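Participant: Take a look and give me a structure for this.
(2 chains)
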2 protein chains.
Amino acid sequence: MSAPIGRQGRRPTIKAVAAAAGVSTAAVSQAFHGKGRLSEPTRQRILDAAGELGWSPSAPAAALRNARTRTLALVVRRPTDVLGADPHFSELITGIEGELAPRGYGLLLHLVAGAQEENALYRQLTAEGRVDGAVLTDARTNDPRPALLARLGLPAVLLGPPDRAGGVPSVGLGHQGAAVEEVVRHLLGLGHRRIAYVAGPADLQHTRLRGGVFETALKAAGLRPYAVLHTDFTEVSAVAATRALLEAPDRATAIVYANDSMAVCGIGAAQRDGLRVPDDLSVVGYDNLPLGRWLHPRLTTVDQQVQRVGAAAARLLLARCGEDVEETVLDDRPRLVVRESTGPAPASPVSPVSPVSPG
Amino acid sequence: MSAPIGRQGRRPTIKAVAAAAGVSTAAVSQAFHGKGRLSEPTRQRILDAAGELGWSPSAPAAALRNARTRTLALVVRRPTDVLGADPHFSELITGIEGELAPRGYGLLLHLVAGAQEENALYRQLTAEGRVDGAVLTDARTNDPRPALLARLGLPAVLLGPPDRAGGVPSVGLGHQGAAVEEVVRHLLGLGHRRIAYVAGPADLQHTRLRGGVFETALKAAGLRPYAVLHTDFTEVSAVAATRALLEAPDRATAIVYANDSMAVCGIGAAQRDGLRVPDDLSVVGYDNLPLGRWLHPRLTTVDQQVQRVGAAAARLLLARCGEDVEETVLDDRPRLVVRESTGPAPASPVSPVSPVSPG
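Facilitator: Reported below is the predicted structural model:
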């Protein structure tokens, strides 16, 4: 990866910004404080230079007050049809909006097809001064976005397990792995031995993390996954994966899905094939969307607190944009919510069940 | 309602804009065409004056090309929790984004609590030149928004039955009433006589329209509604309404819900009370969200083509903003999609069923 010359290992200075924009350091200060008699093009040139060099005033709260757009960006890289079908995103947006709305902020939503388009968009939004900050979704392996946004000088937060990636703080519940372990223990405790995992795309960080924990937790009980199938989160792929897991004579007796939407599709597919949930098949989701409470049987799932995480991300980003907002400490972890879609493993002549006590 | 002096009955002129902004008419033209040597504050003052007077150049496509923000506003007036729970909005946003994303447009989403806040927001977004246009949701009786936006000079479309309200074109499927009639005929044809309607808030236009058609269609068959219950679209109110309809000995045998989310809550509540759908209770939704296909039984519902309507609204608005986009003609109407959640009315000793043929 390349970075602008002169930036690596050195904090950019107000002098460098002034030189790049061809103005005095006083003018740079004025541009950020909205004072003085700068023309709009000059002010914009200064802000662009600062953004390009990754410089911002040392007291952002005071400095940015007059440069604000009161708009935060949320760029989602998903096929359009998945955005519509997956309530996860309206939950997330709801959590964010719950913090933005009372403060008069708007959320600028952009849908992009790929990484290049997403990165180009951040450059454009920054260049045009169109947003105060950005919420990044779907943390990826070797994610180039934190470094890009730091370089652009655009405040950002990354939705994902709490750590620091390239200067952009992450917001999310920690110990996702512990929740997956909890799911596996719950199913083992119910006597399940043939447990499958219907995951998301292989390049998503959380997919790899949870898939790994799933396998490790089973291994600790001397088992292997019945299967781990990757999907693109669509209904079609969730139903196809479910069918594949249920058609063998020694079929899976429990399926863990990477999100609630796919779990609901899976329950429907199983019931349509004449299987009872949870008598013949136990199903576990992940998200704890409202949807899971509407159904009968109610969905056993992992509470990701999507709205709360969205709200916490918004609060942190607002604080980074200079708003007087206290950060929310997310000291909880995702937790299993046992409802009605999981039950004792069915007896099976092909592979007799030997119940295992919860670990 | 008040309107700025001098606007009623007279088309605003470029001279009036020039006078209001204290510039020449040539400068007004330059401001819209992005040419000349106008300072940014002057250009903004001219655009503000034009917006306030409701003036725009006669060839908007060419004129606005250089004044664009490539952002459209979507202001939603809903309690935060309903936005999160109701996939209707992610469907709508998906439809809009499907047209915006390929053109590099973003959607600025604002959540507001009430009418005053919504109207103030349009004024602010216009004054700050932050959006090119707005999609208005939830057409209301005596809706003041079309007149406001016309006054502000902000291009807009209203989601609702096709007609013209105060100069703002509506985008939606026509003949919503015909779909409700179709629902009633379908249920009468299955022998149902005790048919209830679980509606949305009484002040929404579509709630009143559909409720009226529901009653009229039953009346034509010599029946009255079993009950019409209003809700705030939440899960709690949907479940409470369902329980109320099912607790009487001569309970409703069919319930029509104002949206799919509430219908799914209703099915869950009924099944939890030991009723089978559709054997004991038929359920009809409204929206045709993906969710309805995931379930078993699959939901009988009215296809509102939410995504398609969102896309059509976006296309019309893009065209009004000067983009070279052909309008989509929505010549269809909402149609009943019969799936598995409706069936023959159960025999009942309290009120014997006399089947009625479909009209």
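Participant: Low-confidence regions, chain A specifically.
Facilitator: For chain A, the stretches with pLDDT under 70 are A:1-12, A:32-36, A:54-67, A:79-86, A:162-166, A:348-359.
Participant: So which residues of it form helices?
Facilitator: Using DSSP state H, the helices of chain A run over A:14-21, A:25-33, A:40-53, A:60-64, A:80-85, A:87-100, A:115-127, A:145-152, A:176-189, A:205-220, A:235-246, A:260-272, A:291-294, A:306-320.
Participant: now those in TSV, with distance to B:Leu295 and mean neighbour count?
Facilitator: C-betas here are computed from N, CA, C, even on glycine. Below are the helices of chain A laid out as TSV (distance: least, C-beta to C-beta, whole Å; neighbours: other C-beta atoms under 10 Å in any protein chain shown):
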stretch	distance to B:Leu295	mean neighbour count
helix A:14-21	57	19
helix A:25-33	54	19
helix A:40-53	48	19
helix A:60-64	48	16
helix A:80-85	13	22
helix A:87-100	14	25
helix A:115-127	34	17
helix A:145-152	37	21
helix A:176-189	23	21
helix A:205-220	26	18
helix A:235-246	11	20
helix A:260-272	5	25
helix A:291-294	10	23
helix A:306-320	21	24
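Participant: so can I have TSV of those showing distance to A:Glu326?
Facilitator: Output for these, formatted as TSV (distance: least, C-beta to C-beta, whole Å):
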stretch	distance to A:Glu326
helix A:14-21	29
helix A:25-33	24
helix A:40-53	27
helix A:60-64	13
helix A:80-85	31
helix A:87-100	11
helix A:115-127	27
helix A:145-152	23
helix A:176-189	25
helix A:205-220	27
helix A:235-246	39
helix A:260-272	30
helix A:291-294	30
helix A:306-320	7
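Participant: Ok, which of those comes nearest B:Ala179?
Facilitator: helix A:80-85 (21.0 Å; C-beta to C-beta).
Participant: what would the helices of chain A look like in TSV with distance to chain B?
Facilitator: Shown next, in TSV, are the helices of chain A (distance: least, C-beta to the nearest C-beta, whole Å):
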stretch	distance to chain B
helix A:14-21	16
helix A:25-33	13
helix A:40-53	3
helix A:60-64	16
helix A:80-85	3
helix A:87-100	3
helix A:115-127	8
helix A:145-152	17
helix A:176-189	21
helix A:205-220	20
helix A:235-246	6
helix A:260-272	4
helix A:291-294	5
helix A:306-320	6
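Participant: for the ones you listed, which one sits closest to A:Pro334?
Facilitator: Here helix A:176-189 is closest among the helices of chain A (C-beta to C-beta), at 3.9 Å.
Participant: and the angle from the closest one to helix A:205-220?
Facilitator: 40 degrees (axes from the mean of the first three to the mean of the last three C-alpha atoms, to 10 degrees).
Participant: Residues in contact with helix A:176-189: which ones?
Facilitator: Contacts to helix A:176-189, defined as C-beta atoms under 8 Å, 6 or more residues apart in numbering or on different chains, come from residues A:161, A:195, A:206, A:209-210, A:212-214, A:217-218, A:221, A:223, A:254, A:256, A:282, A:284, A:300, A:302, A:333-336, A:338, A:342, A:355-359.
Participant: Keeping just the C-alphas, turn that helix into PDB.
Facilitator: Extracted C-alpha coordinates of helix A:176-189, given in PDB (Å, rounded to 0.1, in the frame of the first residue of the first chain):
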ATOM      1  CA  GLN A 176     -18.100 -12.600  19.700                       C
ATOM      2  CA  GLY A 177     -16.300 -15.900  20.000                       C
ATOM      3  CA  ALA A 178     -17.700 -16.400  23.500                       C
ATOM      4  CA  ALA A 179     -21.200 -16.100  22.100                       C
ATOM      5  CA  VAL A 180     -20.500 -18.800  19.500                       C
ATOM      6  CA  GLU A 181     -19.100 -21.000  22.200                       C
ATOM      7  CA  GLU A 182     -22.200 -20.500  24.200                       C
ATOM      8  CA  VAL A 183     -24.300 -21.500  21.100                       C
ATOM      9  CA  VAL A 184     -22.300 -24.700  20.700                       C
ATOM     10  CA  ARG A 185     -22.500 -25.600  24.400                       C
ATOM     11  CA  HIS A 186     -26.300 -25.000  24.300                       C
ATOM     12  CA  LEU A 187     -26.700 -27.400  21.400                       C
ATOM     13  CA  LEU A 188     -24.300 -30.000  22.800                       C
ATOM     14  CA  GLY A 189     -26.200 -29.800  26.100                       C
END
